[in-house]
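*Asks:* sharing a model that was predicted from the sequence below.
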Amino acid sequence: MKTLTHQKILTPIILAGGTGTRLWPLSKVNSPKQFQKINGEQSLLQDTLSRVDNFACSKALIICNNQHRFVVAEQLSKMSDDAQLIIEPEGRNTLAAITVGCLAAIEHQDNPLILVLPSDHLIEDIDSFTTSLRNAIENIGPNQIITFGIKPTRPETGFGYLKTNAGNDISEKKRSSVSVRSLISFKEKPNLESAQRFINSENMFWNSGMFLANASTIIDLVGTYQKEILTCCIQAYKSSTADLDFTRLEPTAYSNCPSISFDYGVMELLSADKNKEVDPLVIPLDCGWDDLGTWDAVGRVQTKDANQNSILSEAVVKDSENCLVKSDSKLVTLIGMKNTIVIDTKNALLVANIDKAQEVKELVCELERLGKHKALVSNIFYRPWGYYEILVSAGNHQVKRVVVQPGKKISLQKHFQRAEHWVVVSGVATVTCGNKVTKITKNESTYIPVEELHRLENNEQELLELIEVQTGNYFGEDDIERFDDEYGRV
């Protein structure tokens with residue numbers, strides 16, 4: 001984060017615990033949409049962190065779940081931003097996540113100004129976002145909470161809405177002004193008829209899920225309207241433990257938190273409270289915002305060809321209109337298609353009418369019911385030392401691509417149901433096999449027998465990449481017995 005001393009210090013709380021099931025099969029259980037590159041060279045999480053680079057910020061607080069902690073760490077390592085990762089033992093919705101973020105923030109700073117940001121949204125006009133946020137920071141009072149409202153551009157039934165008053169202008173001595181409106185009420189996801197009405201109303205806005213307030217204001221609001229959640233979060237945070245660079249919330253207390261969103265658990269009640277001591281405000285935001293919740297939303301923000309097709313990978317499209325195509329590796333060809341989504345990944349293919357994009361979430365539920373779990377999981381798995389990618393998985397063998405970061409090493413371990421063959425593709429591997437330690441360079445290989453104690457290390461300054469061929473009858477991660485591990489997994 002940049003340090004700009006003339007601005008108020010901002011503490012970003014980044015909500016990174018979502019599942020993004022409506023963007024399946026790109027978004028999967030172990031790699032949901034906030035970690036994907038949807039509209040550029042950075043993931044949505046990385047874009048979210050970059051968005052506040054023009055502000056004076058203390059360390060960002062990223063709230064994510066245990067399964068994604070190494071994905072987050074990997075993506076942070078590619079940025080200059082410093083962040084504290086708080087691990088949820090299980091997802092309890094945004095109210096609990098924001099609360100523990102505020103508790104962590106006030107531990108490091110006296111009543112900091114908090115900016116809550118979802119990690120999986122798109123903002124195309126960064127200058128407009130920056131201007132609106134700067135105005136909000138300059139104008140917010142001690143007993144106010146600001147949410148940012150997006151002017152509807154279409155009859156969207158998948159978003160929540162904010163109803164405001166007619167609005168007013170606040171002018172500062174610096175002559176900076178911003179339209180500020182009082183929040184009257186929240187409206188849940190409407191039917192199509194209501195959504196069409198909302199477009200024509202000057203007082204209706206999409207709920208962006210972004211909030212600005214002092215940490216004490218948020219904590220007081222949670223204590224007023226959701227005292228049980230505040231009590232559980234205080235206990236979970238006070239009893240948290242350090243694990244490498246992560247802060248692990250105490251699981252029993254946190255699991256006792258009711259699962260409810262900040263919007264409905266606090267903001268909706270606040271806006272309806274006639275005796276409220278905190279003013280809920282809305283600042284209209286015009287910055288090319290989208291939550292990218294569905295594939296048709298992704299298609300809307302892409303460059304299109306003359307026939308309104310969005311082509312996000314190598315494809316040949318003939319006599320087709322209004323189609324969205326994305327493939328991890330294969331060449332996709334379309335002939336005579338209209339309003340069609342084609343998303344191809346290494347272990348699943350989605351073909352759908354673009355008008356049915358909202359139903360992908362229901363499809364994922366059906367896949368879960370049918371036990372099609374492999375289709376719901378990405379082939380890439382992140383670990384504290386790097387990551388591996390499953391290339392082939394068959395009855396008696398499995399092939400992986402393994403990447404080990406410089407200075408990292410895998411635990412000293414053995415397997416009981418499989419042997420392994422390692423071929424170095426790039427870098428230098430230091431291999432422990434039994435009592436023998438050897439160095440293996442590019443194009444060289446080694447063999448790890450069943451039940452042999454072994455370890456892989458990268459003691460060099462460049463990435464180590466190798467191909468691992470496993471042979472046996474079982475390849476699950478629970479076929480690992482660890483004897484020494486610097487990541488505390490023994």
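*Replies:* Cool, got the structure.
*Asks:* residue 228 in helix, strand or coil?
*Replies:* helix (DSSP: H, G, I helix; E, B strand; the rest coil).
*Asks:* could you list the low-pLDDT ranges of this protein?
*Replies:* For the chain, the stretches with pLDDT under 70 are 1-7, 81, 167-178.
*Asks:* top helix in it by residue count?
*Replies:* helix 93-108 (DSSP state H).
*Asks:* may I see the buried residues of that one?
*Replies:* Across helix 93-108, burial judged by 16 or more other Cβ atoms under 10 Å covers 93-106. (Each C-beta comes from the backbone N, C-alpha and C, glycine too.)
*Asks:* number of nearby residues for residue 318?
*Replies:* Residue 318 has 10 neighbours, counted by other Cβ atoms under 10 Å.
*Asks:* is it in a bridge, and if so with what?
*Replies:* Under DSSP bridges, the beta-bridge partners of residue 318 are residue 335.
*Asks:* which residue ranges of the stretch 251-400 of the chain form strands?
*Replies:* With strands called from DSSP state E, counting those that start in this stretch, the stretch 251-400 of the chain shows them at 279-285, 289-290, 310-311, 315-318, 324-327, 332-335, 340-344, 349-353, 380-383, 386-393, 397-404.
*Asks:* so what secondary structure elements neighbour the second one?
*Replies:* Pointing back at strand 289-290 there. Using 3 or more Cβ pairs under 8 Å, 6 or more residues apart in numbering; DSSP states H and E, the elements in contact with strand 289-290 are strand 122-123.
*Asks:* which elements pack onto the strand it packs on?
*Replies:* By 3+ Cβ pairs under 8 Å, 6+ apart, strand 122-123 packs against helix 44-50, strand 289-290.
*Asks:* on that earlier part again, contacts for the longest helix of the chain, please.
*Replies:* Helix 93-108 has contacts (Cβ atoms under 8 Å, 6 or more residues apart in numbering) with 11, 13, 15, 17, 58-59, 61, 63, 84, 86, 88, 112, 114, 116, 209, 211, 215-216, 218-219, 222, 226, 229-230, 232-234, 236-237, 247, 249, 254, 257, 259-263, 265-266.
*Asks:* ok so, going back, save the strands of the stretch 251-400 of the chain as CSV, and put in distance to residue 487 too.
*Replies:* Shown next, in CSV, are the strands of the stretch 251-400 of the chain (distance: least, Cβ to Cβ, whole Å):
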stretch, distance to residue 487
strand 279-285, 41
strand 289-290, 37
strand 310-311, 41
strand 315-318, 41
strand 324-327, 34
strand 332-335, 39
strand 340-344, 34
strand 349-353, 35
strand 380-383, 8
strand 386-393, 12
strand 397-404, 13
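*Asks:* between the ones you listed, which gets nearest to residue 436?
*Replies:* Nearest of those to residue 436, taken as Cβ to Cβ: strand 397-404 at 19.3 Å.
*Asks:* check which residues of the closest one are buried.
*Replies:* For strand 397-404, by 16+ other Cβ under 10 Å, it's 398, 400-404.
*Asks:* what does stretch 223-243 give?
*Replies:* Buried residues in stretch 223-243, counted by 16+ other Cβ under 10 Å: 224-226, 229-230, 232-237, 240, 243.
*Asks:* same question for stretch 288-306.
*Replies:* 289-300.
*Asks:* just stretch 203-219 next, same as before
*Replies:* Neighbour counts over stretch 203-219 (16+ other Cβ under 10 Å) mark 204-219 as buried.
*Asks:* for that stretch, C-alpha coordinates in PDB please.
*Replies:* Provided in PDB are the C-alpha atoms of stretch 203-219 (Å, rounded to 0.1, in the frame of the first residue of the first chain):
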ATOM      1  CA  ASN A 203     -34.000   7.000  -5.400                       C
ATOM      2  CA  MET A 204     -33.100   3.300  -6.100                       C
ATOM      3  CA  PHE A 205     -29.600   1.900  -6.300                       C
ATOM      4  CA  TRP A 206     -27.900  -1.500  -6.500                       C
ATOM      5  CA  ASN A 207     -26.300  -2.500  -3.200                       C
ATOM      6  CA  SER A 208     -22.600  -2.800  -3.900                       C
ATOM      7  CA  GLY A 209     -21.700  -4.400  -0.600                       C
ATOM      8  CA  MET A 210     -19.000  -1.800   0.100                       C
ATOM      9  CA  PHE A 211     -19.100   0.100   3.400                       C
ATOM     10  CA  LEU A 212     -17.100   2.900   5.100                       C
ATOM     11  CA  ALA A 213     -17.200   3.600   8.800                       C
ATOM     12  CA  ASN A 214     -15.000   3.800  11.900                       C
ATOM     13  CA  ALA A 215     -14.300   0.400  13.400                       C
ATOM     14  CA  SER A 216     -16.000   1.400  16.700                       C
ATOM     15  CA  THR A 217     -19.100   2.400  14.800                       C
ATOM     16  CA  ILE A 218     -19.400  -1.000  13.100                       C
ATOM     17  CA  ILE A 219     -18.700  -2.800  16.400                       C
END
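*Asks:* tabulate the buried residues of stretch 288-306 (JSON lines), appending distance to residue 426.
*Replies:* JSON lines is the format used below for those (distance: Cβ to Cβ, whole Å):
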{"residue": "289", "distance to residue 426": "41"}
{"residue": "290", "distance to residue 426": "39"}
{"residue": "291", "distance to residue 426": "39"}
{"residue": "292", "distance to residue 426": "34"}
{"residue": "293", "distance to residue 426": "39"}
{"residue": "294", "distance to residue 426": "39"}
{"residue": "295", "distance to residue 426": "36"}
{"residue": "296", "distance to residue 426": "40"}
{"residue": "297", "distance to residue 426": "38"}
{"residue": "298", "distance to residue 426": "34"}
{"residue": "299", "distance to residue 426": "37"}
{"residue": "300", "distance to residue 426": "40"}
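*Asks:* just those residues now: which is nearest residue 476?
*Replies:* Nearest to residue 476 out of the buried residues of stretch 288-306 is residue 295 (Cβ to Cβ; 32.2 Å).
*Asks:* wait, which of the helices and strands packed on strand 122-123 is closest to residue 417?
*Replies:* Nearest to residue 417, of all the helices and strands packed on strand 122-123, is helix 44-50, at 36.1 Å by Cβ to Cβ.
*Asks:* and that closest one, what does it pack against?
*Replies:* Secondary elements touching helix 44-50 (3+ Cβ pairs under 8 Å, 6+ apart): strand 10-15, helix 69-76, strand 122-123.
*Asks:* out of those, deepest packed?
*Replies:* Among the helices and strands packed on helix 44-50, strand 10-15 has the highest mean neighbour count (mean count of other Cβ atoms under 10 Å), at a mean of 24.
*Asks:* that one to helix 93-108, inter-axis angle?
*Replies:* Relative orientation of strand 10-15 versus helix 93-108 (axes from the mean of the first three to the mean of the last three Cα atoms, to 10 degrees): 150 degrees.
*Asks:* name the residues that touch strand 10-15?
*Replies:* Strand 10-15 is contacted from outside by 45, 48-49, 52, 55-63, 83, 94, 97-98, 101-102, 105, 109, 112-119, 137, 209, 215, using Cβ under 8 Å, 6+ apart.
*Asks:* now with 7 Å, please.
*Replies:* The contact list for strand 10-15 (Cβ atoms under 7 Å, 6 or more residues apart in numbering) reads 48-49, 52, 55-58, 60-63, 94, 97-98, 101, 105, 109, 112-119, 137.
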